[in-house]
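1. Sequence first, then the predicted structure:
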Amino acid sequence: MALSAQDKILYVANKLGLSSLGQMQGSTGAVYDVDTDISGQIFSSASRHQNPGVTNVTENQFEVNEALLVENIAFYVRGNDGVTRNFQSIYGSNAVIVYDLVIGNKRVMKDTPVFAAGSPYTFANAGVKSEGGPAAAVVSYVPRHQTFMEGAGILIPPQVQWYVDYRIFNVVTGTTITPEDNSTLGCYLFGTRVLLNFNTTI
């Protein structure tokens, strides 16, 4: 019998001694952040952003009664104009992101590649820019570069810091690609998110 997302969350919570996690309610959730500093890390400086156009977290750790089971990790490029663009359209089809997911002081994913070309779409097909049309006719490129977690995913428990380390390479020449001046790399973590269930705790 396969291990469900809820089973894994409860199993890890019990190992950590978080008995109240079983009283929570869970739903699909996502956290996202952008490396505006071009430091090679995402989420580690989320507290400095405080902008829903850049991030939806105030710090890179969850509260006591909160956790996220990561089932999908996706990358995108955010321009200085706030428009989300396709990674391949900015860096070319030879680009690859190599990233680590760090939870606490452990690298739970190491040197994981996400290629600019050939990846499945995240939300929809790539946008189409209308040549010569009005500004309203321009549809931005949507993020599509991602890693799917097979099985039950990876749990980020409460009160443990996490971040994503990344590097961008040219897979043909092997050289490191410096991020563009007019764009920054962003990352989404999708999965099952659990929150305090007020029906059982108040």
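-> Looks like it came in fine. Numbering: from 1, shown residues only.

2. Name the helix or strand for Ser89, please.
-> helix 87-91 (DSSP states H and E).

3. could you say what helices and strands that helix packs with?
-> Counting contacts by 3 or more Cβ pairs under 8 Å, 6 or more residues apart in numbering; DSSP states H and E, helix 87-91 is packed against strand 66-79, strand 95-103. For glycine as for every other residue, the C-beta is placed from the backbone atoms N, C-alpha and C.

4. can you pull the buried residues of the shortest one?
-> Neighbour-count burial for strand 95-103, with 16 or more other Cβ atoms under 10 Å as criterion, is recorded at 95-97, 99-103.

5. So of the residues you listed, which two are at opposite extremes in space?
-> Distance extremes for those: the farthest pair is Ala95 and Ile103 at 26.1 Å, using Cβ to Cβ.

6. contacting residues around the closest residue in space to Asn170 that isn't next to it in sequence?
-> Of all residues not flanking Asn170 in the chain, Asn94 sits nearest, at 5.0 Å (Cβ to Cβ, 6 or more residues apart in numbering). For Asn94, the contacting residues are 116-117, 170-173, by Cβ atoms under 8 Å, 6 or more residues apart in numbering.
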